[in-house]
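# need a structure here:
(chains A and B, ligands or ions: 1)
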Amino acid sequence: MLIINCPYCGARPEVEFRHAGEAHVARPAGTESLTDEEVVDRLYFRSNPKGMTVERWRHVHGCGRFFNAVRDTVSDFFVTTYKTGEPKPDLEALKAGAAK
Amino acid sequence: MVDISSDRRTVLDGLQFTSPADAEVRIEPVAAMSRLALRGRPGIETAVAPVFGFNLPSTACTSATAAEYAALWVGPDEWLVTAPDGRVDVVKAALEEACAGVPHAITDISHRNVGLTISGPKATWVLSHGCPLDFDLAAFPVGMCTRTLLGRTEVVLWRRAEDTFRIEVWRTFADYLIGFLNEARKELAA
Ligand SMILES: [Zn+2]
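Predicted structure coming up:
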């Protein structure tokens, strides 16, 4: 079982968590002037990378809070977690750190 | 005259609490009590002190108790508060007054949960059948509380002593949970 580090509760078993989609998908300003393609892109299309991805997770059977996590989609390794509202980490720096 | 007063029964009535393994792990119902879900912005921790006689715990997964009250941290802005049975309206009114200056929500959940006590030298052994948390005293000290999964159901676990835990479970899941715990301790009686 994976151990996921909740930014509020600390290291906890994976069964207490739920995945909640890609993180940092911002609602664009001026939605009334978006084209249909731009709306569809925001609503339905996600980056789905091979390697490090940034996702929202929820500690649903714990503190109940949403937070963000950097996860490697190849190894399922949780590189880091941080509170919602904190800036997106520099993935290139994390990759360089992971490669060491 | 016909007695039409309501007959108060708990979902725990008629469930199996005794077991040949009682010497090693006991499971007992907790008497009815008042429960409140308390949520609020920073500032609420100290605002409630005149009511409880203590500040709400702000460290994750810790609890505070004094006299007849207990407050359990279950989230960064969320606490499970217990008070004596029948006092929920009084406590709720006092809290509303004390928290007037802080955005908050206070909800009576007295009848949403039922409480169980699991105790004995094999208590953590039985809990570990359905909960992946580390119950070593260093990792889960006395006084620690947390929402987690036990078997297939969500519970709040609160360590009251080295070998004694309170389990708070939603009442419709109590039947399942007691069945699960009895199944786990069957092995001890064999
Ligand atoms: Zn948490």
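# Give me every residue in chain A lying close to chain B.
A:1, A:8-10, A:12-13, A:15-16, A:61-65 (Cβ under 8 Å from any Cβ of the partner chain). (Glycine included, C-beta is placed from N, CA and C.)
# Export those to a markdown table and append columns for pLDDT.
Output for those, formatted as a markdown table (pLDDT from 0 to 100):
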| residue | pLDDT |
| --- | --- |
| A:1 | 83 |
| A:8 | 97 |
| A:9 | 97 |
| A:10 | 96 |
| A:12 | 97 |
| A:13 | 96 |
| A:15 | 96 |
| A:16 | 97 |
| A:61 | 97 |
| A:62 | 97 |
| A:63 | 97 |
| A:64 | 97 |
| A:65 | 97 |
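# Most neighbours among these, which one?
Per-residue neighbour counts (other Cβ atoms under 10 Å in any protein chain shown) across the residues of chain A next to chain B peak at residue A:62, which has 26 neighbours.
# sec struct for that residue, please.
State at residue A:62, reduced to three classes by DSSP: H, G, I helix; E, B strand; the rest coil: coil.
# List the residues that contact it.
Neighbouring residues of residue A:62 by Cβ atoms under 8 Å, 6 or more residues apart in numbering or on different chains: A:6, A:8-9, A:12, A:16-17, B:146-148.
# mind running it again at 10 Å?
By Cβ atoms under 10 Å, 6 or more residues apart in numbering or on different chains, residue A:62 lies in contact with A:4, A:6, A:8-10, A:12-13, A:16-17, B:60-61, B:74-75, B:133, B:146-149, B:154.
# Can you sort out which of these also neighbour the ion?
Among the contacts of residue A:62, the residues that sit close to the ion (Cβ under 5 Å from the ion) are A:6, A:8-9.
# Residue B:135 and residue B:127: what is the separation?
6 Å (Cβ to Cβ, to the nearest Å).
# Show me whatever sits in contact with both of these two.
Common neighbours of residue B:135 and residue B:127 (Cβ under 10 Å, 6+ apart) are B:157, B:165.
# who's more crowded, these two?
residue B:127 (23 against 16).
# which residues touch the more buried one?
Residues near residue B:127 by Cβ under 10 Å, 6+ apart: B:25, B:118, B:133, B:135, B:140, B:148, B:150-151, B:155, B:157, B:165, B:167, B:181, B:184.
# Residue A:38 falls within a helix, correct?
Yes. Assessed with three-state DSSP, residue A:38 lies in a helix.
# unless I'm mixing things up, it is touching residue A:32, no?
No. Using Cβ atoms under 10 Å, residue A:38 makes no contact with residue A:32, being 11.6 Å away.
# Adjacent strands (with direction) for the longest strand seen in chain B?
Longest strand in chain B by number of residues (criterion: DSSP state E): strand B:153-161. If you go by DSSP bridges, strand B:153-161 pairs up with strand B:145-150 (antiparallel), strand B:164-170 (antiparallel).
# where do the strands sit along chain A?
According to DSSP E, the strands that chain A contains are A:3-6, A:10-13, A:18-22, A:52-58, A:66-72, A:78-83.
# right, I mislabeled it, should have said chain B
Listed in chain order, the strands of chain B (DSSP E) span B:26-29, B:34-40, B:63-66, B:69-75, B:78-83, B:104-108, B:113-119, B:145-150, B:153-161, B:164-170.
# what's near enough to touch residue B:89?
Counting by Cβ under 10 Å, 6+ apart, residue B:89 makes contact with B:34, B:108.
# per-residue confidence for it?
Note for residue B:89: predicted pLDDT of 95.
# Spell out which residues of chain A are next to the ion.
Proximity of chain A to the ion is confined to A:6, A:8-9, A:59, A:62-63 under the rule Cβ under 5 Å from the ion.
# let's go with 8 Å and repeat that
A:6-10, A:12, A:16, A:59, A:62-65, A:67 (Cβ under 8 Å from the ion).
# Closest to chain B out of those?
Using Cβ to the nearest Cβ, residue A:63 is the member of the residues of chain A next to the ion that lies nearest chain B, at 4.1 Å.
# leaving aside the residues next to it on the chain, what's closest to that closest one?
Leaving aside its chain neighbours, residue A:63 sits nearest to residue B:75 (4.1 Å; criterion: Cβ to Cβ, 6 or more residues apart in numbering or on different chains).
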